[in-house]
Structure formats: C-alpha cells, structure tokens
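Student: sequence? don't have it. structure:
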C-alpha cells in the first residue's frame, strides 16, 4: 500500500478474555480484510486499533483501559475502537478515556468495517438492526486450531459472574451454519476444531425448551447433535470441547466421546469450590460430592480422559476451613490442569455486596497454595503417559525459550519435541519421554 488513504487503513486487533472473544476477533479481522483494510505488521504501525475487551474480573477492566493509553501513545492520530463485554455495562466509563474514537457493543462487531469505512463523528452507536454477532470465519490467525462459536448467552446465575449481564440470554447458532463453517475450516487445513460458547453445554435449549420436550415426549436439541453433525464432515481433523458446566455433562455425551475417537478425550468441567457451603453461596447447582461422582462417571466411561477445571479462591465468607476443603478436594481429584481465579467484585452480581470479604494477602496466599496442588496434579497425570505415544497437534510457532516444537495431545498434555517446521499444523505421533512439574518432552515418531 502506497497512498496516504491506504496507509490510514492499517489495523491492529488486541483481544482479552475467552475463546468466544477470540472467535469474534477473528470474525472482525476477516471483515476488515474483506473491506480493504490491511493488518499492520507491527502494532506500532497501525492507524486503527480495535480492543476486544473482557470484564470477568476487575483486572480485565484495568487492562482494557491501559491498552487504550498504550495505543494512543503508539499513534496519537490513530482511531481507537473499544468493543466487547466491558462495553456492555460500562460504556460511560470507557467514553471518558482520552483517545477512544468508537464504542461498539458485542452485537455491533459485525458492522465494524462499515463503521470504519465511513466517517462518523459520534463516539458510540446504537446496535444495528439485524447485526450478526457471529459472522462466519474461514481461518484463525496464528493458530493451528480453530475456535468455533456455537452459542452465546448464559442461563446460569452464579453469584460472582458478570457474564450473563453482558452476554444476555441463550442464543444458539443454527446447526447448518456451524457445519458449513467447520467444513470450510477443515478444507483450509485446520486439524482441530474447538467448539466454544458462553455456555457451551446449553446449545439448542433455546430451540425447543426442555419442559416442552418432556411434555410431548420428545428429545430436545443438545450439544451431542452438533458433535454428530460435525463427525459427518470428511477430512482429517478432531473435535475438542471447551468449558462445559457439570449439569450438561450427560450420559449421552460421555458415551459419544467414548465411542468416537475423533472427539478429544478431554472435558473442562468448572468446579469453583470443593466446599458445599461456598458452592451454595456461589449459587452453583451441585455439591462437592455430586461433582466428584460426575468425574468418577466420566473417568470410568472414557479411557484416559483428561479432566481440567476452574477453581476460585477468596470468595466472600471463605474461611480457612472452607479453603482447606477445596484444597483437599482438588488434591484428591487430581485434575490434569486447574485454572485458578481469585474472586473479583463485579457490580450487578449477587456477590458484589456480600459480607465476609477476604483480605487480599490471604487470597493471594491461597492462590499460591492452590497452584502448588494443581501443578503436582498436572505432573502426576502426565507422568502416567511417559513412554507412550500421543497424537499431538503441532502449533504454528515454536516454544519461545527452547525453540522446540510444541503442541497438545488429544487428552490435553502439552509436549515439547524436536522436529522440522513442516510438522506445524499437523497431527503427529510423539512418544513422551520425560516429564516434570515444569514441562513434558517427547520424540517425534516418523
């Protein structure tokens, strides 16, 4: 691009948060490229900055605001667009930040290119009628795998979570739309499709409500319908599920994963707490024993399955005894990986005004204590596979520190190994030879 007008169309996308946000950023990227914009080779060279925000924690809000100042310093003349979940409830707060040009809600992401191609002077716009939050994608930049958003919105009301307030009610993508998108991605060389959503397991519940299905003796739509439809697509690829709440891990889903080797032997099932009193305060619809029984059913039903999870520490009212129950629970459960959150107050949630706040120092120590247990559990899970061959999807970039190839097995063990760049983007056999709490290494079996 040589003309002055063309150079004003270089964009840089910065994404915070979940896989759904990453999917929506890819959709915005493709819409901008189709409209004649060019992705900047360096963020310092951009004329348009798009910040796709997250608002799950206060830290995410702060990072979103910080990135506005970073991009404003990089190019004071650039247009800065702020979109995503932080915008949904806090647009006024964002509007007060110097340098913000446009503020777009999630439903407006699909018209980003139209807005930038015009010359609007207002700082925020009303959602466009009919704007699609999920335009179809054809690729996924810098990834060997592709995230595919199958639904939006959440029907759960966890006391700590702001997401239902900013993402709204359940909205499932039509099955044909999902299938067509996945067919295109597989044809374009993607060997792993990760199904994702704000409440993934609830896909289809808005098509035919469960109470009607029960009344008329009919089966409602469920996530297993999506998996079966995608399994009918020809090509060498595998399917992975992102986070799924315990209530949606059905017997039907367990059997489907056991019988179909195309589906990765990995379920990420959020726990949050191993103490019943805290689970009740969190408004989580299960007990610790109920969660334990579910995991036992999954493990007995699916050979060598990886169970990964989320745990929250520092929730209001969490005593030392409550935390010990969770620590002991996770130690006994031994998840393959544990994502640890520290509670963050979110305006509008039930937990926002709860008494019994935890001292930040205490919460940080609990976070560290939980990390120790989680790392040991991950090590023990990987250790069981030493000497065995895993099918690894090789990432498109080498591991930064070692320069080795890296990728995940279908049961979610991250493995480092030597090999040529030509293996990137492929699913290849790797024999695991060593593991420790920091890393797992292997050898490519040609």
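Tutor: Done, it's in. All values reported here derive from a predicted model rather than from experimental measurement.
Student: For the helix or strand containing residue 431, which outside residues touch it?
Tutor: Per DSSP states H and E: residue 431 is located in strand 427-435. With Cβ atoms under 8 Å, 6 or more residues apart in numbering as the test, strand 427-435 has contacts from 191-192, 236, 238, 379, 382-383, 385-394, 407, 409, 413, 415, 417, 419, 440-445. Bear in mind the C-beta positions are built from the backbone N, C-alpha and C, glycine included.
Student: That one pairs with which strands, parallel or anti?
Tutor: If you go by DSSP bridges, strand 427-435 pairs up with strand 389-394 (antiparallel), strand 440-444 (antiparallel).
Student: Which among the contacts of strand 427-435 count as buried?
Tutor: 191-192, 238, 379, 382, 385, 390-394, 407, 409, 413, 415, 417, 419, 440-444 (16 or more other Cβ atoms under 10 Å).
Student: Can you give me the distance of the nearest residue to residue 338 once chain neighbours are set aside to residue 340?
Tutor: Once flanking residues are discounted, residue 338 sits nearest to residue 374: 3.7 Å by Cβ to Cβ, 6 or more residues apart in numbering. Shown here: residue 374 relative to residue 340, a distance of 7 Å by Cβ to Cβ, to the nearest Å.
Student: Name the residue in those two with the higher neighbour count.
Tutor: Neighbours per residue (other Cβ atoms under 10 Å) separate residue 374 from residue 340, with residue 374 holding more: 23 against 18.
Student: now that one, what's its secondary structure?
Tutor: Following DSSP: H, G, I helix; E, B strand; the rest coil, residue 374 is assigned to helix.
Student: how close does it get to residue 188?
Tutor: Taken as Cβ to Cβ, the span from residue 374 to residue 188 is 36 Å.
Student: Residue 26 reaches residue 136, doesn't it?
Tutor: No - the criterion here is Cβ atoms under 8 Å, and residue 26 misses it with residue 136 at 10.4 Å.
Student: ok, the two, which is more surrounded?
Tutor: residue 26 (22 against 15).
Student: Can you name the residues that contact the more buried one?
Tutor: Going by Cβ under 8 Å, 6+ apart, residue 26 touches 137, 139, 140, 141, 147.
Student: what about it, helix or strand, and which?
Tutor: With DSSP H and E as the test, residue 26 turns up in helix 19-34.
Student: Repeat that for residue 312.
Tutor: strand 306-313.
Student: Same question for residue 267.
Tutor: Per DSSP H and E: residue 267 is located in strand 266-268.
Student: Could you list every helix and strand in contact with the helix or strand following that strand?
Tutor: Per DSSP H and E, strand 266-268 leads on to helix 276-282 as the next helix or strand towards the C-terminus. Secondary-structure packing of helix 276-282 (3 or more Cβ pairs under 8 Å, 6 or more residues apart in numbering; DSSP states H and E): helix 320-333.
Student: Give the buried residues for the helix it packs on.
Tutor: For helix 320-333, by 16+ other Cβ under 10 Å, it's 322, 323, 325, 326, 327, 329, 330, 333.
Student: Turn the residues you listed into JSON lines, including pLDDT and distance to residue 262.
Tutor: Formatted as JSON lines, the buried residues of helix 320-333 follow (pLDDT from 0 to 100; distance: Cβ to Cβ, whole Å):
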{"residue": "322", "pLDDT": "98", "distance to residue 262": "41"}
{"residue": "323", "pLDDT": "98", "distance to residue 262": "40"}
{"residue": "325", "pLDDT": "98", "distance to residue 262": "38"}
{"residue": "326", "pLDDT": "98", "distance to residue 262": "35"}
{"residue": "327", "pLDDT": "98", "distance to residue 262": "37"}
{"residue": "329", "pLDDT": "98", "distance to residue 262": "32"}
{"residue": "330", "pLDDT": "98", "distance to residue 262": "30"}
{"residue": "333", "pLDDT": "97", "distance to residue 262": "27"}
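Student: pLDDT on the host helix or strand of residue 112, on average?
Tutor: Assigned by DSSP H and E, residue 112 falls within helix 112-117. The pLDDT scores in helix 112-117 average 90.
Student: and that helix, which residues are buried?
Tutor: For helix 112-117, by 16+ other Cβ under 10 Å, it's 112, 113, 115, 116.
Student: and the residue nearest to the third one when sequence neighbours are not counted, how many neighbours does it have?
Tutor: Excluding its sequence neighbours, the residue lying closest to residue 115 (Cβ to Cβ, 6+ apart) is residue 102, at 6.2 Å. By the criterion of other Cβ under 10 Å, residue 102 has 20 neighbours.
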